[in-house]
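Trainee: no sequence on this one, just coordinates:
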């Protein structure tokens with residue numbers, strides 16, 4: 001293994017953490033974390049939408065089950081003409 005100077009090691013560390021300023025493809029750890037954060041925020045929004053849809057479906061199923069047990073002697077099949 002080739003001995004590196006302290007300056008070379010600092011440059012390598014800087015490149016790993018900060019990236020290469022001239023290259024937009026290499027953003028280092030800071031760029032990777034920013035990208036992970038952006039993706040996570042997007043996924044969180046999708047999860048919230050799904051949770052909202054599931055809550056609405058639960059409410060609809062509760063209403064259907066209440067109607068299915070009968071209201072004033074009517075069953076759901078009588079209401080829907082079945």
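Mentor: That came through, no problem. Everything numeric here is computed off the predicted structure, so don't read it as measured data.
Trainee: can you give me the helices in this structure?
Mentor: Taking DSSP state H to define them, one finds helices in the chain at 6-18, 28-69, 76-79.
Trainee: what stretches of this structure score poorly on pLDDT?
Mentor: Residue ranges of the chain with pLDDT under 70: 1, 68-82.
Trainee: center of it - which residue?
Mentor: The geometric centre of the chain, computed from its C-alpha atoms, lies nearest to residue 43 (CA atoms, centre = their mean), at 1.9 Å.
Trainee: what separation do you get for that residue and residue 37?
Mentor: Separation of residue 43 from residue 37 (CB to CB, to the nearest Å): 11 Å. Where C-beta positions appear, they are placed from N, C-alpha and C, glycine not excepted.
Trainee: hang on, the earlier thing: now the residue nearest to the centre of the chain: how far from residue 34?
Mentor: Using CB to CB, residue 43 is found at 15 Å from residue 34.
Trainee: again with residue 40
Mentor: Per CB to CB, residue 40 is found 11 Å from residue 34.
Trainee: try residue 2
Mentor: For residue 2, the distance to residue 34 (CB to CB) stands at 33 Å.
Trainee: ok, now residue 52?
Mentor: Taking CB to CB, one finds residue 52 at 28 Å from residue 34.
Trainee: do the same with residue 55
Mentor: Distance, residue 55 to residue 34, using CB to CB: 32 Å.
Trainee: likewise for residue 16?
Mentor: Counting by CB to CB, the gap from residue 16 to residue 34 is 15 Å.
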